[in-house]
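Asker: Let's see this in three dimensions:
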Amino acid sequence: MRIHFIAIGGSAMHNLAIALHQKGYVITGSDDEIFEPSKSRLAGYGLLPEQEGWDPDRISPDLDAVILGMHARENNPELQRARELGLKIFSYPEFLYEQTRDKTRVVIGGSHGKTTITSMIMHVLRENHIAFDYMVGAQLEGFETMVGLSESAHIAVFEGDEYLSSPTDRRPKFHLYHPHIAVLSGIAWDHINVFPTFEGYVEQFRIFARLIEPGGTLCYYDEDPLLREIAAEQHHIRTEGYNIHPYITEDHTTYLKAGEREIRLKIFGEHNLQNISAAQSVCLALGVTNEQFYRAIRTFSGAARRLEVLSANDQTTVFRDFAHSPSKLQATTRAVKQQFPGRRLVACMELHTFSSLKKEFLPHYNQCMEEADLAFVYYNPHTVEHKKLEPITPEMISAGFQKRGLQVLTDSGELFDHLEKMDWKEANLLLMSSGNFDGKDLPAFALKITGDPVKFQRGDWIRNPQGKM
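Answerer: Okay, here's the model as predicted:
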């Protein structure tokens, strides 16, 4: 097949392009701007467009399909030419569905945790030599791309994003997958630029549940009242609530409790213990045994930028996390504080998304960083201007967060200079953003703080209740 990607440089788009190239398809693409790491990865596979910009001459009648990325606009000249020629035009979630029509589709949705749950399921299936297709929103250890498609696999595991599918398809992405097994991890208002009311946002999850294949299964976090309500409304599927997996924490290490056994983990935090329960429910539904699940999950070290350890020594650990919404900030700061109760926690977050930079949304951050001993919020006024939002001020942010001692900065250099000069004895640093603090090399900065790259101790994966390894 010959497929052309309009806006090939996007995170999901370039990974899908590489996956189809590996499958033997002939791939071309275009974009008006392509940034790293997409640029280097596309170049490595010979898929980087020779010139940036749009050219309708790239669209020819011999194309089997065009895949349209969210970055393109409705009046894109290549899109217009494809329409004139009557070519098949897909959004990438629509194309993923077409590729997996005859497979058992697993879709992980929710306002938070979906990347991690998807990653856990993928890790367990791979460790147990079970073939599957996939799409996930982060780079994972052991996976070359964030998208994988094959002819032979009978299972497809997709992260189900609730954002819009394309400039011409205003449906949320996860409405297009029609899963046989689905997860909803929780609902917390996000993407207010396209869902301006909370009720409208919640409705997208109701629709998702109704689109699960008849006779399928919905696994949902049982402590979320909205999810309980949505689950109770479904009569065409089986519903199954899950909760935090039983665990204990000793000496900065978390162990799952499974009967008489305690299974050592590389990850921690109650939100991740919820994620593990969700992943376990899905894996059991796919035929994985509990023994196979526990043996595999012990080696799961997390997805990129999800409580990722950048560097550590015996007194300090520097974490990077994708957290940017209020619920994610609260869960992440709480997790680090609970795992290291004797250490001071310094938490820094960047306001970077459309929702987080909108002044009307700032009150939703009320007390979401209470677990931090010292908290910083950074934002770039030029980012606010670029997103065509009303200006915000440090005073507005302080009023929204309601965190005693909160420091708000608009210069990332000033923030990191201040952090570098601090005393890091018995203290952890948590850097949270969906961006990168204006291009800061966070791994290099972490080494300045700790002076020693992280080293994980392997240890045995099961111990007895008396604590002997």
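Asker: can you give me the strands for the stretch 351-469 of the chain?
Answerer: Counting by DSSP state E, counting those that start in this stretch, one finds strands in the stretch 351-469 of the chain at the ranges 374-378, 407-409, 427-432, 462-463.
Asker: Can you list the residue ranges for helices in the stretch 151-300 of the chain?
Answerer: Taking DSSP state H, counting those that start in this stretch as the criterion, the stretch 151-300 of the chain carries its helices at 198-210, 225-232, 270-285, 290-297.
Asker: The first one - contacts with which helices or strands?
Answerer: Contacting helix 198-210 under the criterion 3 or more CB pairs under 8 Å, 6 or more residues apart in numbering; DSSP states H and E are the following elements: strand 181-184, helix 225-232. Bear in mind the C-beta positions are built from the backbone N, C-alpha and C, glycine included.
Asker: thinking again about what came up before, could you identify which of the strands of the stretch 351-469 of the chain has the lowest mean pLDDT?
Answerer: Ranked by mean pLDDT, the strands of the stretch 351-469 of the chain bottom out at strand 462-463, with a mean of 50.
Asker: domains of this structure?
Answerer: Following the assignment in automatic domain parsing, the chain carries domains at 2-87, 95-297, 308-450.
Asker: Let me see the contact set for His21.
Answerer: With contact set as CB atoms under 8 Å, 6 or more residues apart in numbering, His21 has these partners: Ile27, Tyr45, Leu47.
Asker: Run a quick neighbour tally on the residue nearest to Val282 when sequence neighbours are not counted.
Answerer: Nearest residue to Val282, sequence neighbours excluded (CB to CB, 6 or more residues apart in numbering): Ile121, at 5.3 Å. Neighbours of Ile121 under the rule other CB atoms under 10 Å: 30.
Asker: And the helices and strands packed on helix 198-210: which comes nearest Thr253?
Answerer: Taking CB to CB, strand 181-184 is the member of these nearest to Thr253, at 26.7 Å.
Asker: so what secondary structure elements neighbour the closest one?
Answerer: Contacting strand 181-184 under the criterion 3+ CB pairs under 8 Å, 6+ apart are the following elements: strand 104-109, helix 198-210, strand 217-221, helix 270-285.
Asker: Just say which of these is most tucked in.
Answerer: Among the helices and strands packed on strand 181-184, ranked by average contacts under mean count of other CB atoms under 10 Å, first place goes to strand 104-109 (a mean of 28).
Asker: Can I get that one in PDB, CA atoms only?
Answerer: Extracted C-alpha coordinates of strand 104-109, given in PDB (Å, rounded to 0.1, in the frame of the first residue of the first chain):
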ATOM      1  CA  THR A 104      -9.400  -8.200  20.100                       C
ATOM      2  CA  ARG A 105      -9.100  -4.500  20.900                       C
ATOM      3  CA  VAL A 106      -8.100  -3.300  24.300                       C
ATOM      4  CA  VAL A 107      -8.500   0.500  24.900                       C
ATOM      5  CA  ILE A 108      -7.400   2.300  28.000                       C
ATOM      6  CA  GLY A 109      -9.200   5.600  28.700                       C
END
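Asker: before we move on, back to that, with respect to Ser166, which of the helices of the stretch 151-300 of the chain lies nearest?
Answerer: Comparing those by CB to CB, helix 198-210 comes nearest, at 16.0 Å.
Asker: Now do the closest one and strand 104-109, the angle between them.
Answerer: Angle between the axes of helix 198-210 and strand 104-109 is 170 degrees (criterion: axes from the mean of the first three to the mean of the last three CA atoms, to 10 degrees).
Asker: mean confidence for helix 198-210?
Answerer: Averaging pLDDT residue by residue across helix 198-210 gives 97.
Asker: hmm, who's touching it?
Answerer: 109, 160, 162, 172, 174-175, 182, 184, 187, 189-192, 195, 218, 226-227, 230-231, 233-234, 236-237.
Asker: mind redoing it with 6 Å?
Answerer: Outside helix 198-210, the residues within contact range by CB atoms under 6 Å, 6 or more residues apart in numbering are Gly109, Glu162, Pro172, Phe174, His175, Ile187, Trp189, Phe195, Leu218, Ile230, Gln234.
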